[in-house]
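Here is the input, now give the coordinates:
(2 chains)
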Amino acid sequence: MYDGGKIITGLVVFVGLVTFPLWSNVGKAAKKPDPKIDTPVIQQLAEKKCIEPKAFMQAEHMKILNDWRDSVVRDGNGIYVSSSGKSFNMSLQKECMNCHSNKKKFCDECHNYADVKPYCWTCHIEPKEKEKVAWASIEENS
Amino acid sequence: MGINRREFLKIAGVSVVAGLGGASAIDLLRRAPVEASQVSPNPKALTAKRWAMVVDTRKLTGADCKRMIEACHRIHNVPDIGTKQEVKWIWTEEYKHAFPDDMNKFVSDEVKHKPFLMLCNHCDQPACVRVCPTKATYKRADGIVMMDMHRCIGCRFCMAACPFGARSFNFGDPRPYVKEENPKYPTRMRGVVEKCTFCTERLAEGLMPACVEVSNGALVFGDLDDPNSEVRQVLRSNYSIRRKPNLGTQPCVYYIV
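Residues are numbered from 1 along each chain as shown, chains lettered A, B, ... in the order given. The predicted model follows:
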């Protein structure tokens, strides 16, 4: 082999560079998302249940929201009757976020982990979270 | 030693049947609960065959118009930009601009200088709907020309098509220009067109449009198809005009002058 030393050195450098994302992240597992549902509104609920069972909501909430937006905007149907027979207002801002007022810990926690970027909030207004108040008071104290 | 062909085929056959049956059994058990759920309109919703509005300009002063504009824009998070990139759902215009087809050289001083309340005419033959390539703007069964902001791609064909200037484009993010956000209604994003929707979200909850509610009776809103409705009674007993009727879009906002 001509220039064997250079070729092997080059290959080692190449493999090292290509596998950089793998070995540089060894042992640094991303933190498991830990969404919270401990908002004041939910804690006051007698029966802490979402519109559908938890497992279904985890898997299908994006489909429900998609169905809702077409149903409300295009068909003018604003009431959702769930599998348990209860009626709900089909509204992200007025219904979902009324209970789940902690967007950062409820929505963003998993969306950031899974690197999905739903564009709900370019138009829909997210609830004002108390964290901002906490930040303001920290700045005042410092 | 081992299995012969006959035994292998038996086992394979039983496995296939069990596999297929098992998969469908699991599918049956896992059926999504959403299939049992239903959607329906709000029972309190106001309904009509053909929504229309009558503006009684005799009862309207500049202050009244300002109050209505303020109410509408506050409820719908309409940004107050104040440049040529303004966004408006409802606004005022002079007579000569509102009714340019009226070629009379001399009109009464009162009419000449009075502010006329302008909004989307919710036409029967809406030009904007015909040109929209994504059906983001469409005519509902009750006549309201509605915007689906989720579908708007910001091509602005509708703005070119609308002869009434009722549509505004968001050249930038409107959020910084919304003074007080109404948390019950969305804002818009950069690159979409918006306009008056006859307050469909309020009608769906059984409320009259915001401008009608604060008009002290100067605006009448109702069903044009119902001969006994208030709009029809007002139109029967007063002479009214519409904006640019010769274009054939059949506006559904009538003005009593």
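
for the chain, which spans come out with low pLDDT?
You didn't pick a chain, so chain A it is. A:130-142 (pLDDT under 70).

Chain B, not that one
Along chain B, segments meeting pLDDT under 70 span B:1, B:29-37.

Residues of chain B that sit close to chain A?
Neighbours of chain A within chain B, by CB under 8 Å from any CB of the partner chain: B:32-34, B:36-43, B:45, B:77, B:138, B:140, B:146, B:148-150, B:181-189, B:200, B:204-205. The way it works is simple: take the backbone N, C-alpha and C, and place the C-beta from them, glycine included.

where along chain A do the helices fall?
Using DSSP state H, the helices of chain A run over residues A:4-18, A:20-24, A:40-43, A:54-75, A:97-99, A:103, A:109-113, A:130-141.

Relative to residue B:233, which of these is closest?
Closest to residue B:233 of the helices of chain A is helix A:54-75 (CB to CB; 31.2 Å).

The helices of chain A: which one's closest to chain B?
Distance to chain B, taken as CB to the nearest CB, is lowest for helix A:54-75 among those, at 5.0 Å.

touching chain B at all, that closest one?
Yes. Contact of helix A:54-75 with chain B (CB under 8 Å from any CB) involves A:56, A:60, A:63, A:64, A:69, A:71, A:72, A:73, A:74, A:75.

Can you report how many residues lie near the third one?
Right, the one you point to is residue A:63. Number of residues near residue A:63 (other CB atoms under 10 Å in any protein chain shown) recorded here: 11.

that older thread, let me have the helices of chain A in a markdown table, extended by distance to residue B:115.
Listed next are the helices of chain A as a markdown table, based on distance: least, CB to CB, whole Å:
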| stretch | distance to residue B:115 |
| --- | --- |
| helix A:4-18 | 69 |
| helix A:20-24 | 64 |
| helix A:40-43 | 44 |
| helix A:54-75 | 32 |
| helix A:97-99 | 39 |
| helix A:103 | 42 |
| helix A:109-113 | 47 |
| helix A:130-141 | 41 |
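
so which of these comes closest to residue B:56?
For the helices of chain A, proximity to residue B:56 was assessed by CB to CB; helix A:54-75 is nearest, at 31.5 Å.

re earlier: buried only: go through the residues of helix A:54-75 next to chain B for me.
A:56, A:60, A:64, A:69, A:71, A:72, A:73 (16 or more other CB atoms under 10 Å in any protein chain shown).

Report the buried residues of stretch B:2-10.
For stretch B:2-10, using 16+ other CB under 10 Å, no residue counts as buried.

Ignore what I typed, I meant stretch B:70-79.
Using 16+ other CB under 10 Å as the test for burial, stretch B:70-79 gives B:71, B:72, B:73, B:74, B:75, B:76, B:77, B:78, B:79.

Export the residues you listed as CSV, with columns for distance to residue A:10 and secondary structure.
Below are the buried residues of stretch B:70-79 laid out as CSV (distance: CB to CB, whole Å; DSSP: H, G, I helix; E, B strand; the rest coil):
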residue, distance to residue A:10, secondary structure
B:71, 72, helix
B:72, 69, helix
B:73, 66, helix
B:74, 67, helix
B:75, 67, helix
B:76, 63, coil
B:77, 59, coil
B:78, 62, coil
B:79, 58, coil
